[in-house]
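In: Everything below, folded, please.
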Amino acid sequence: MKSVARNWIIQEKIGLISTIDLVELADNYIRAHDEFPDWMIDISTNGSLERIEELDLVLSPIRDADCSLIAQQMLALFEAGDRDIYQIAAACHRMYLALEWGHEAFNQFIWISDELDLIEQGVKPREGYEENMKDALSRVSHL
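Out: So this is what the prediction gives:
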C-alpha cells in the first residue's frame, strides 16, 4: 500500500491531483479497511509525512519507477481527455523540478515542458507536439 500512497503523494506534488483528491483517496482507503497504517491518517488529515520511509520525498527521492508510473498516468489522463496539453506540461514542469538533473526521465519531462513554452512564445510550430509529447511520456513509462 505504501507504493500506492507514494504515487498519490507524487501526483499531488506535481498537480495531477489536488490536495482534496489526495485526502479523499486516503479517506476512501480508511473507510474500506478495518486496519490501516497510521500514516494513512496523516495523509487523510494532511499531516506531516516527514521521516516516513518511502512517503517523505526528501528522504526517499523520486525514482525511475515512480516516473514510469506517473508518465503512464499522464498519458492515460491526456488520452481520456481529463487533462489537456497545458496541464500535462505544467505537471511535467513540476516533475522535472523534483528530479535530479541528467536522468532520462528528467530529460523527457523538461523537454515536454520547455517545448510547449517555445510553442507558446511563437518560436516553434505546434505541429506534431502532441504526438511528440506522447512519445516522450511513453519513453519515460518504459524506464
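In: looking at the chain, which helix or strand is least sure?
Out: helix 38-44 (a mean of 91; mean pLDDT, DSSP states H and E).
In: What is the subsequent helix or strand relative to it?
Out: For helix 38-44, the following helix or strand on the C-terminal side (DSSP states H and E) is helix 64-79.
In: still on that earlier bit, what does the least confident helix or strand of the chain rub up against?
Out: 1-2, 5, 8-9, 22-23, 25-27, 29-30, 47-49, 52, 55 (Cβ atoms under 8 Å, 6 or more residues apart in numbering). Every residue, glycine included, has its C-beta placed from N, CA and C.
In: okay, and for the protein, where does confidence drop off?
Out: Within the chain, no stretch falls below the threshold (pLDDT under 70).
In: out of the contacts of helix 38-44, which are buried?
Out: Ala5, Trp8, Ile9, Leu22, Val23, Leu25, Ala26, Tyr29, Ile30, Leu49, Ile52, Leu55 (16 or more other Cβ atoms under 10 Å).
In: In JSON lines, list those residues along with secondary structure.
Out: Shown next, in JSON lines, are the buried ones among the contacts of helix 38-44 (DSSP: H, G, I helix; E, B strand; the rest coil):
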{"residue": "Ala5", "secondary structure": "helix"}
{"residue": "Trp8", "secondary structure": "helix"}
{"residue": "Ile9", "secondary structure": "helix"}
{"residue": "Leu22", "secondary structure": "helix"}
{"residue": "Val23", "secondary structure": "helix"}
{"residue": "Leu25", "secondary structure": "helix"}
{"residue": "Ala26", "secondary structure": "helix"}
{"residue": "Tyr29", "secondary structure": "helix"}
{"residue": "Ile30", "secondary structure": "helix"}
{"residue": "Leu49", "secondary structure": "coil"}
{"residue": "Ile52", "secondary structure": "coil"}
{"residue": "Leu55", "secondary structure": "coil"}
